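Here is a sequence with its predicted model. Questions after.
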Amino acid sequence: MAAMPAYNEANTIATVVEEATEYADTVLVVDDGSDDDTSDRAENAGASLIKHTRNKGYGAALKTIFEEAHQRGVTRLVVLDSDGQHDVSDIPRLVEKQRSSGAEIVIGSRFSAEAETQLPQYRRIGLAVINVLTNLSMGVVFSQSRIRDTQSGFRLYDRTAIESLANDSQIGNRMEASLDVLYHAHQHDYRFAEVGTTINYDVENANNQNPVLHGYQLVRNILRTIERERPILSLGFPGFLITSGGLTFITLKLHQYLQTGTFPVEQAFVSAFAILIGIFACFTAIILHSLEQLPQRQSEEGRAH
């Protein structure tokens with residue numbers, strides 16, 4: 001199945017559906033509350049249609065796609081955008097990559113060697129930052145296991161991934177859903193593979209969301225996830241550095257006092273405050289880490305009994 005969320009894409013939806021029909025057994029369009037002719041044009045082009053009565057967001061449309069694919073027993077699901085940005089002829093390459101690698105998720109990547117996507121510099125830098133943060137939030141450091149394009153909307157899911165994603169109520173309704181899917185896959189130890197693909201940004205209404213606002217929302221969600229899932233990395237390590245820096249500074253000032261008889265009281269208060277903040281961050285990280293590990297330990301004990 002090739003499936004696409006759509007919102008007011010009347011100008012492009014028919015072309016994308018007709019092209020996708022050449023490479024998929026079924027083409028599904030989830031019209032997320034459009035107020036134009038998106039639904040009619042999608043159906044006339046040969047797509048199966050599900051229409052939301054109101055606009056719920058990209059993530060909500062994506063969840064509808066997973067649920068419908070699961071109900072239909074789809075073995076491979078390719079999700080792509082309905083605005084014509086993605087090269088539909090790359091669908092067979094994603095399928096072949098899934099067959100050869102056995103990966104549960106295959107991503108059409110703008111950053112693989114064979115991709116020829118011309119990204120504006122500001123977008124390239126922003127995506128690079130988001131890619132690094134997303135990989136770090138999943139605990140991925142080494143280059144051989146990191147995802148090069150975490151924000152690609154051109155993805156293939158196998159039957160295992162379809163089933164688990166269709167039953168995950170934690171996926172958000174908005175654009176954060178792309179990240180939620182990656183976190184879901186990481187928690188389930190799914191394998192990723194990537195195929196270079198070219199994204200065409202020279203299309204009408206390619207991205208109607210402010211890129212700065214979108215980037216801010218993504219980074220905020222990533223940092224929240226890091227704080228929740230990686231408290232030692234996000235709080236413990238910075239807290240240790242702050243505490244160490246404060247202690248070092250006070251030690252140097254005490255040494256200065258013994259030599260000169262003068263002691264910078266204001267700087268000492270600042271250092272003491274920094275030490276308290278650092279210690280608080282360390283203890284918070286330890287508590288959050290313990291709470292994170294508790295469900296896993298209880299599950300292991302339950303299986304043992």
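Good, I have the coordinates.

which stretches of the stretch 51-200 of the chain aren't confidently modelled?
141-144 (pLDDT under 70).

The host helix or strand of Leu77 packs against which elements?
Element membership of Leu77, judged by DSSP states H and E, is strand 76-79. Other helices and strands packing on strand 76-79, by 3 or more Cβ pairs under 8 Å, 6 or more residues apart in numbering; DSSP states H and E, are strand 2-6, helix 58-71, helix 91-101, strand 155-158. Just so you know, the C-beta spots here come from the backbone N, C-alpha and C atoms, and that holds for glycine as well.

What pairs with it, parallel or antiparallel?
Paired neighbours of strand 76-79 in the sheet (DSSP bridges): strand 2-6 (parallel), strand 155-158 (antiparallel).

what's the angle between the longest one and helix 58-71?
Note on geometry: by axes from the mean of the first three to the mean of the last three Cα atoms, to 10 degrees, strand 2-6 and helix 58-71 are set 150 degrees apart in direction.

Report the distance from strand 2-6 to the chain centre.
Strand 2-6 sits 18 Å away from the centroid of its parent chain (Cα atoms, centre = their mean, to the nearest Å).

tell me the SS of Ser112?
Following DSSP: H, G, I helix; E, B strand; the rest coil, the label given to Ser112 is coil.

Put the alpha carbons of stretch 189-198 into PDB.
Taking C-alpha atoms only, stretch 189-198 is exported to PDB below (Å, rounded to 0.1, in the frame of the first residue of the first chain):
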ATOM      1  CA  ASP A 189      14.500  -2.500  18.700                       C
ATOM      2  CA  TYR A 190      13.400  -2.200  15.000                       C
ATOM      3  CA  ARG A 191      16.100  -1.900  12.400                       C
ATOM      4  CA  PHE A 192      16.400   1.100  10.100                       C
ATOM      5  CA  ALA A 193      17.700   1.300   6.600                       C
ATOM      6  CA  GLU A 194      18.000   4.300   4.300                       C
ATOM      7  CA  VAL A 195      17.800   4.800   0.600                       C
ATOM      8  CA  GLY A 196      18.900   8.000  -1.100                       C
ATOM      9  CA  THR A 197      16.100   9.900  -2.600                       C
ATOM     10  CA  THR A 198      15.700  13.300  -4.200                       C
END
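
Sort out which residues of that stretch are buried, please.
190, 192-197 (16 or more other Cβ atoms under 10 Å).

tell me which of these is nearest to Ser101?
Ala193 (4.4 Å; Cβ to Cβ).

Just say helix, strand or coil for the closest one.
Per three-state DSSP, Ala193 ends up strand.

okay but it is in contact with Lys97, surely?
Yes. At 5.2 Å, Ala193 counts as touching Lys97 under the criterion of Cβ atoms under 8 Å.

Mind listing the shared neighbours of these two?
Here Ala193 and Lys97 have 103, 106 as joint contacts, going by Cβ atoms under 8 Å, 6 or more residues apart in numbering.

just the helices in this structure please.
Remark: helices assigned in the chain by DSSP state H are 13-21, 38-44, 58-71, 91-101, 121-137, 159-166, 177-187, 211-229, 231, 237-260, 265-304.

so which of those gets nearest Arg110?
Using Cβ to Cβ, the helices of the chain put helix 121-137 closest to Arg110, at 7.8 Å.

residues of the closest one that come out buried?
123, 126-127, 130-131, 133-137.

Stretch 23-34 now?
Neighbour-count burial for stretch 23-34 flags 23-24, 26-34 (criterion: 16+ other Cβ under 10 Å).

what about dumping the CA coordinates of that stretch to CSV?
C-alpha atoms of stretch 23-34 as CSV (Å, rounded to 0.1, in the frame of the first residue of the first chain):
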residue,chain,number,x,y,z
TYR,A,23,4.1,0.9,-8.0
ALA,A,24,1.5,-0.2,-5.3
ASP,A,25,-1.4,-2.6,-5.2
THR,A,26,-3.4,0.0,-3.3
VAL,A,27,-3.2,3.7,-2.9
LEU,A,28,-4.8,5.3,0.2
VAL,A,29,-5.5,9.0,0.8
VAL,A,30,-6.4,10.2,4.2
ASP,A,31,-8.0,13.6,3.7
ASP,A,32,-7.4,15.5,6.9
GLY,A,33,-10.4,17.8,6.8
SER,A,34,-9.7,19.6,3.6
